[in-house]
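**Student:** No sequence on hand, only this structure:
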């Protein structure tokens, strides 16, 4: 399997892109929204959420050559095929500091618009770690194999923790939790010295924007700011009251900082349901983003669109081929769902 993967990445994919025949894979849909998380100058050894800056810039140059790159809101409002070129929008999730320091200069250099979805809890907390990073850093803990979380024993196998009883990995376990997870995560972070484990990791891999940095990001004429909720809960796993709180708190914090309306929401881990969509609409989110659609009604729902999460662990050429393929898998037509 690894041999086949290496053969594809190192020989076949470069040959396809080098010959310019990757466009033969182009899907039929006319629009595609891409989801990035971070862009890093240094090699990422913490997690799979950051794309090397050189590859990011190279991707954008390709995308700008072959597609119309539009602001996100235009993807919700297109109602005709105005161009032979297909349309792409660029989005970022979470709110890592490298969005400002690394990604933005590249986007501004190429004059490519992007929407940044911010999980607002990280804006005001010193030593903040997004909850997956609390567990990611345990790969650097060479002295411990057994960990306790929420009175459950988790065993480290490779770089991931698995529940001793159910064999469920720690990430899926936490995604099912509501606000009872908050104290547990903080206790875990302190007990196992998460921040100390990161002392040799470039801080661009885990540091989040603060309020002044977000304000600076928002002032770029190519940037739109959206919500990624407040505490990055999986919204379909929590009650309606907490969903409403998450969406209201995040929107208020962002609008107070950037002094602009925040009209878009990207659901953490693509987790939502019909009730969540309705709550988001009432809160004032005009544009909602899934990963893949979760509800049968989504394809006819003007409020929500799908996205494709860009791989940070493969080659430039492999990603280019996927961008073309994903128009058929994760894309959509650029005709307003309500306009027939």
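**Tutor:** Yes, it's here. The structure displayed is predicted, hence computed values, not measured ones. Residues are numbered from 1 along each chain as shown.
**Student:** Need the three-state assignment for the residue nearest to residue 202 when sequence neighbours are not counted.
**Tutor:** In space, and not counting its chain neighbours, residue 202 is closest to residue 42: 4.5 Å by Cβ to Cβ, 6 or more residues apart in numbering. Yep, even glycine has a C-beta here, placed from its N, CA and C like the rest. Using DSSP: H, G, I helix; E, B strand; the rest coil, the structure places residue 42 in coil.
**Student:** residues in contact with residue 42?
**Tutor:** When contacts are counted by Cβ atoms under 8 Å, 6 or more residues apart in numbering, residue 42 is found next to 202, 204-205.
**Student:** quick one, helices of the stretch 51-200 of the chain?
**Tutor:** 53-66, 72-77, 98, 104-110, 131-136, 170-175, 181-191, 194-197 (DSSP state H, counting those that start in this stretch).
**Student:** Just the buried residues of the longest one, please?
**Tutor:** Within helix 53-66, the residues that qualify as buried are 53, 55-60, 62-63, 66, counting by 16 or more other Cβ atoms under 10 Å.
**Student:** And the residues you listed, which is closest to residue 175?
**Tutor:** Within the buried residues of helix 53-66, proximity to residue 175 (Cβ to Cβ) peaks at residue 56, which comes in at 27.3 Å.
**Student:** ok, what's across the strand from the nearest residue to that closest one once chain neighbours are set aside?
**Tutor:** Leaving aside its chain neighbours, residue 56 sits nearest to residue 39 (4.7 Å; criterion: Cβ to Cβ, 6+ apart). Beta-bridge partners recorded for residue 39 (DSSP bridges): residue 51.
**Student:** Quick check, residue 39 in contact with residue 100.
**Tutor:** No - with contacts counted by Cβ atoms under 8 Å, residue 39 stays clear of residue 100, the gap being 10.2 Å.
**Student:** So the two - more neighbours on which side?
**Tutor:** Using other Cβ atoms under 10 Å as the criterion, residue 39 and residue 100 rank with residue 39 on top: 26 against 19.
**Student:** one step back: pLDDT value on the residue nearest to residue 202, please?
**Tutor:** Here the pLDDT value assigned to residue 42 is 87.
**Student:** What of the one 3 residues further on?
**Tutor:** The confidence metric pLDDT takes the value 83 at residue 45.
**Student:** how about it, what does it touch?
**Tutor:** 201, 205.
**Student:** ok so, going back, just send the contacts of residue 42 back as TSV, with neighbour count too.
**Tutor:** Output for the contacts of residue 42, formatted as TSV (neighbours: other Cβ atoms under 10 Å):
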residue	neighbour count
202	17
204	20
205	23
